[in-house]
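Participant: I need the structure of the sequence given here:
(chains A and B)
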Number of protein chains: 2
Amino acid sequence: MLTKSVYLDAKNRTLELLNIAGIALTNAEKDAIEVADFGLKQVEIQGLQLITYINNDHYCAKELVLFPHQTCPEHKHPPINQFDGKTETFRCRLGKVFLYVEGSATEKISATIPESSKEYYTVFHEIELNPGDQYTIPPNTLHWFQAGEEGAIVSEFSTTSSDEYDIFTDPNINRISEIEE
Amino acid sequence: MLTKSVYLDAKNRTLELLNIAGIALTNAEKDAIEVADFGLKQVEIQGLQLITYINNDHYCAKELVLFPHQTCPEHKHPPINQFDGKTETFRCRLGKVFLYVEGSATEKISATIPESSKEYYTVFHEIELNPGDQYTIPPNTLHWFQAGEEGAIVSEFSTTSSDEYDIFTDPNINRISEIEE
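Facilitator: Residues are numbered from 1 along each chain as shown, chains lettered A, B, ... in the order given. Prediction:
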């Protein structure tokens, strides 16, 4: 449960970053900005803001907005019935993002792992994304990401998104955030 | 066949518009900017510039760049074998776009139909897209679009793109442009 004031503050900071990037939203999209605290109640440290442009039976497009050093916790998109699981392409639009995926661990990673959840970060193959850089994450592949010191905006192009099926390494996480009325 | 100088001029103007919008490309993406004149040799009037970010078996993301009043000619994306045909979502990022699709004709349309190809424009249901506005075009649906007086940038999110199968109303059109060496 997100308190109303935490939600509104995160939403306003999201709008500021979008404004810096020159990314326009409709009023309906502004109202629908999603703030995910993953049930951890420390949205500044582990959290993510999302705008979903389109999510149909074939493809999905979102903007992901991250505050400075904010981290989206480690998770994967598993197969669902006939579907292989979500494939997603992250394209950095503003700021800097450190993305971590399965594979050979980078010797000295640039991100700071959130202290309170240290044991739930297990993949350390680092990809640094600056504006114009992109990376495609295959289905069912563990990944997490953290913004640099100015925050970041990432365009996500993907197959159909069904966040409720995401598998997080941290068992305390609840992907779907509710906002206090 | 596009002459080298027409291609380079269109590419430079594309980079200027992307710069105004704050959209960053890698050097490889800059080199790969596609200028489509549709074989009509009047790229300023009927033409389109494209940057393809990703095009895999499931989804595709591009930026479409249009110069002031430039028109992408009428076409549709037909079914191919098991595939229904391309579904595409146009999201305006910069400038203004007038999009025309099948359906009730708008009484007085805002675009100017290219004089030399008048008979090959047959659908007139107008949708005006300003920054933040988007519209999804179903498969196998005739559509064409024209930028407003400042040009436009449109993000396209879609199913897999296979431009070579596009069906244009104008039989003189050749979708795949080659550049003079």
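Participant: not counting sequence-adjacent ones, nearest residue to A:Leu50?
Facilitator: Of all residues not flanking A:Leu50 in the chain, A:Glu34 sits nearest, at 4.3 Å (C-beta to C-beta, 6 or more residues apart in numbering or on different chains). (Glycine included, C-beta is placed from N, CA and C.)
Participant: A:Tyr121 now?
Facilitator: Nearest to A:Tyr121 is A:Ile113, by C-beta to C-beta, 6+ apart, at 4.9 Å.
Participant: helix or strand: which one has the one you found?
Facilitator: Per DSSP states H and E: A:Ile113 is located in neither a helix nor a strand.
Participant: for it, the count of nearby residues, please.
Facilitator: 17 (other C-beta atoms under 10 Å in any protein chain shown).
Participant: tilt between the longest helix seen in chain A and helix B:4-21?
Facilitator: Secondary structure assigned by DSSP state H gives helix A:4-21 as the longest helix of chain A. Put simply, helix A:4-21 runs at 150 degrees to helix B:4-21, going by axes from the mean of the first three to the mean of the last three C-alpha atoms, to 10 degrees.
Participant: the helix or strand following helix A:4-21 and chain B, any residue contact?
Facilitator: Using DSSP H and E, the helix or strand that follows helix A:4-21 in sequence is helix A:27-31. Yes - shown here: helix A:27-31 in contact with chain B (C-beta under 8 Å from any C-beta of the partner chain) through A:Glu29.
Participant: list the buried residues in stretch A:64-82.
Facilitator: A:64-77 (16 or more other C-beta atoms under 10 Å in any protein chain shown).
Participant: same question, stretch A:27-34
Facilitator: Within stretch A:27-34, the residues scored as buried using 16+ other C-beta under 10 Å are A:29, A:33-34.
Participant: quick check, nearest of those to B:Pro131?
Facilitator: Closest approach to B:Pro131 among the buried residues of stretch A:27-34 (C-beta to C-beta): A:Glu29, at 11.7 Å.
Participant: surely that closest one and B:Gly132 touch.
Facilitator: Yes - contact criterion C-beta atoms under 8 Å: A:Glu29 and B:Gly132 qualify, at 7.0 Å.
Participant: which residues of chain A lie near chain B?
Facilitator: Counting by C-beta under 8 Å from any C-beta, chain A comes close to chain B at A:21-26, A:29, A:53-54, A:56, A:58-61, A:87, A:89, A:91-94, A:130-134, A:136, A:155, A:157-159.
Participant: in helices, which of those residues appear?
Facilitator: Going by DSSP H, the helices hold A:21, A:29 from these.
Participant: filter the residues of chain A next to chain B to the buried ones?
Facilitator: A:21, A:23-25, A:29, A:53-54, A:58-61, A:87, A:89, A:91-94, A:131-134, A:155, A:157-159.
Participant: could you pull out the strands for chain A?
Facilitator: Ranges of strands in chain A, per DSSP state E, are A:34-36, A:48-55, A:60-66, A:71-76, A:88-101, A:125-129, A:134-137, A:143-158, A:167-168.
Participant: starting at the chain centroid, how far to the second one?
Facilitator: In terms of C-alpha atoms, centre = their mean, to the nearest Å, the gap separating the centre of strand A:48-55 from the centre of its chain is 10 Å.
Participant: kindly report the same for the fifth one.
Facilitator: For strand A:88-101, the distance from its own C-alpha centre to the chain's C-alpha centre is 9 Å (C-alpha atoms, centre = their mean).
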